[in-house]
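K.L.:
structure, please.
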Amino acid sequence: MSSTNLVETFPAPTPAASLVFTTALSQGPLSRVEIARRTGLSSAAVTKAVRPLMETGYFVEDADGGTPPAVGRPANPVRVNGGRALFIGVKVTADEVIAVLADLCCRVRVARHVPLSERSPGAVISVIAALTGELVTRAQPFGVGVRGLAVAVSGDVDRAAGVVRYSPFLGWRNVALAGLAKTATGLPATVDNDVRALTVAEQWFGAGVGRSDFALVTVGAGIGCGLVVHGRVVAGAHGVAGEIGHLSIDPYGPLCHCGNRGCVEAIASDSAIVRRIQEETGQPVGGPAHALELARSGDPAAREAFAQAGAAIGRAIGAVANLLGPECVIISGEGLAAYDLFAAQIRDAFAATVFSTAAQCDVITRPLPFEEWARGAAATAIQTFIGSDTFQENR
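P.N.:
Alright, predicted model coming up:
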């Protein structure tokens, strides 16, 4: 690794500094007075947090000649200096590894996709190590170090322990992925559930900015859900909070890979839709794209499969709204390519499921390129570096 990648710690690793930094990161530029108002911290606490961040170049001050200075206190807004540090985010799917080099504001500078021919942990780590080495080299012209790496995978992931407990798409159980990645790359490494990582990116840089309570539901190969409650991403006591894909909505429904019947994922995932069409027609379906083509051409079995998927997703979203009362639910994921085929069913099932004022929850769609999953991992690496993950767990 380059000498620019020597270990550097965040200059103000306190709960107050993390809060000040993440507020400016997601909502800035902001004056110190406005940061105090939004965080609930005292002006003195904000000033104390800002000072070392300014001195080390993580914050810069924006000139604002139109704002009269407050007595004894700088009035110019501060913002995060995105070029101060770089991070690598990696998303592992069943058939490819996507890696991005992102700056401190999670702007993607370089992106790479590599096919995955073997899913064993050793094979995946080899790919991650090779991609990391390439991105570290690509980072050198920026003149700052790569400060962390995060890997996002689907399934049950214990971020604190750095272990993938179970990933059905990869066939993994109890893989100490964070330790393996750190050994292979020499970088501080974090591992997290892919939907939770994407939720961090949406909270700080996307549709969740400024929202204290929202849910991110992803549709596609699986059905996932990330939860933000009172301003923090929630993992739950056992790390599986938000697993609406395994909410059983039909006890007599199709068998899910988790062993239960009628799970949302067993009805609404890409593979479930393909399987239902094949069962109804007795004809092979070449994958999600072929299923979509059949439905758009008017095939009744295909259209019904997508309609059933939409109804399952709508009921699951309604359950989330009833339980948590979020401001909004953001629907994303590669499955949005078929949104026109099940939008009405999502809307109707949501309306039928949701209770009372929970119906005020907005349901919005946010199509995202697949690289956003890797960007979510980069956001997780940033979160770990600044200590915001610890802050959020203890807040």
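K.L.:
residues in contact with I88?
P.N.:
By Cβ atoms under 8 Å, 6 or more residues apart in numbering, the residues touching I88 are 99-102, 131-132, 135-136, 146, 148-150, 187, 378, 381. C-betas here are computed from N, CA, C, even on glycine.
K.L.:
please list only the buried members of these.
P.N.:
Among the contacts of I88, those classed as buried by 16 or more other Cβ atoms under 10 Å are 99-102, 131-132, 135-136, 146, 148-150, 187, 378, 381.
K.L.:
show me these that map onto helices.
P.N.:
L131, T132, L135, V136, A378, A381 (DSSP state H).
K.L.:
now the first one: how far from T183?
P.N.:
Look at L131 and T183: by Cβ to Cβ, to the nearest Å, they are 16 Å apart.
K.L.:
and what of the second one?
P.N.:
For T132, the distance to T183 (Cβ to Cβ) stands at 12 Å.
K.L.:
same thing with the fourth one?
P.N.:
Remark: distance between V136 and T183 (Cβ to Cβ) = 16 Å.
K.L.:
got it, and the third one?
P.N.:
Computed with Cβ to Cβ, the distance linking L135 and T183 is 18 Å.
K.L.:
quick one: secondary structure of G224?
P.N.:
With DSSP: H, G, I helix; E, B strand; the rest coil as the basis, G224 sits in strand.
K.L.:
okay, now it: neighbour count?
P.N.:
Here the number of neighbours of G224 (other Cβ atoms under 10 Å) works out to 25.
K.L.:
likewise A352?
P.N.:
Quick note: A352 (other Cβ under 10 Å) scores 11 neighbours.
K.L.:
ok, it touching G318?
P.N.:
Yes - in this structure, A352 is within contact of G318 by Cβ atoms under 8 Å, at 7.3 Å.
K.L.:
return the member of the buried ones among the contacts of I88 nearest to D158.
P.N.:
Set against D158, the nearest of the buried ones among the contacts of I88 by Cβ to Cβ is A150 (14.3 Å).
K.L.:
for that closest one, name its beta-bridge partners.
P.N.:
When bridges are taken as DSSP bridges, the partners of A150 come out as G89, T190.
K.L.:
residues touching it, list them.
P.N.:
87-90, 189-192, 197, 377-378, 380-381, 384.
K.L.:
just for the chain, where's the confidence low?
P.N.:
1-7, 64-74, 389-395 (pLDDT under 70).
K.L.:
so which elements touch the top helix by length along it?
P.N.:
Ranked by residue count, the top helix of the chain under DSSP H comes out as helix 300-324. Counting contacts by 3 or more Cβ pairs under 8 Å, 6 or more residues apart in numbering; DSSP states H and E, helix 300-324 is packed against strand 214-219, strand 223-229, helix 264-268, helix 270-281, helix 288-296, strand 328-332, helix 339-353.
K.L.:
A359 in helix, strand or coil?
P.N.:
Three-state assignment for A359 (three-state DSSP): helix.
K.L.:
hang on, it packs against A351?
P.N.:
Yes - contact criterion Cβ under 8 Å: A359 and A351 qualify, at 6.9 Å.
K.L.:
which residues sit against the helix or strand that contains I128?
P.N.:
Per DSSP states H and E, I128 falls inside helix 121-139. Here helix 121-139 makes contact (Cβ under 8 Å, 6+ apart) with 1-2, 4-5, 86, 88, 90, 92, 97, 99-101, 109-110, 112, 114, 116-118, 145-146, 149, 151, 170, 172, 175, 177, 180-181, 184-185, 187.
K.L.:
buried residues in it, which are they?
P.N.:
Here helix 121-139 shows V124, I125, V127, I128, A129, A130, L131, T132, E134, L135, V136, A139 as buried, counting by 16+ other Cβ under 10 Å.
K.L.:
dump the C-alpha coordinates for it into PDB.
P.N.:
Coordinates of each C-alpha in helix 121-139 appear next as PDB, following Å, rounded to 0.1, in the frame of the first residue of the first chain:
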ATOM      1  CA  PRO A 121     -15.000 -16.700   0.900                       C
ATOM      2  CA  GLY A 122     -11.400 -17.200  -0.300                       C
ATOM      3  CA  ALA A 123     -12.200 -16.500  -3.900                       C
ATOM      4  CA  VAL A 124     -14.200 -13.400  -3.000                       C
ATOM      5  CA  ILE A 125     -11.500 -12.100  -0.700                       C
ATOM      6  CA  SER A 126      -9.000 -12.500  -3.600                       C
ATOM      7  CA  VAL A 127     -11.200 -10.400  -5.900                       C
ATOM      8  CA  ILE A 128     -11.700  -7.800  -3.100                       C
ATOM      9  CA  ALA A 129      -7.900  -7.600  -2.500                       C
ATOM     10  CA  ALA A 130      -7.200  -7.200  -6.200                       C
ATOM     11  CA  LEU A 131      -9.800  -4.400  -6.600                       C
ATOM     12  CA  THR A 132      -8.600  -2.700  -3.500                       C
ATOM     13  CA  GLY A 133      -5.000  -2.700  -4.700                       C
ATOM     14  CA  GLU A 134      -6.200  -1.200  -8.000                       C
ATOM     15  CA  LEU A 135      -8.300   1.500  -6.400                       C
ATOM     16  CA  VAL A 136      -5.500   2.400  -4.000                       C
ATOM     17  CA  THR A 137      -3.300   3.000  -7.000                       C
ATOM     18  CA  ARG A 138      -6.000   5.000  -8.700                       C
ATOM     19  CA  ALA A 139      -6.200   7.100  -5.500                       C
END
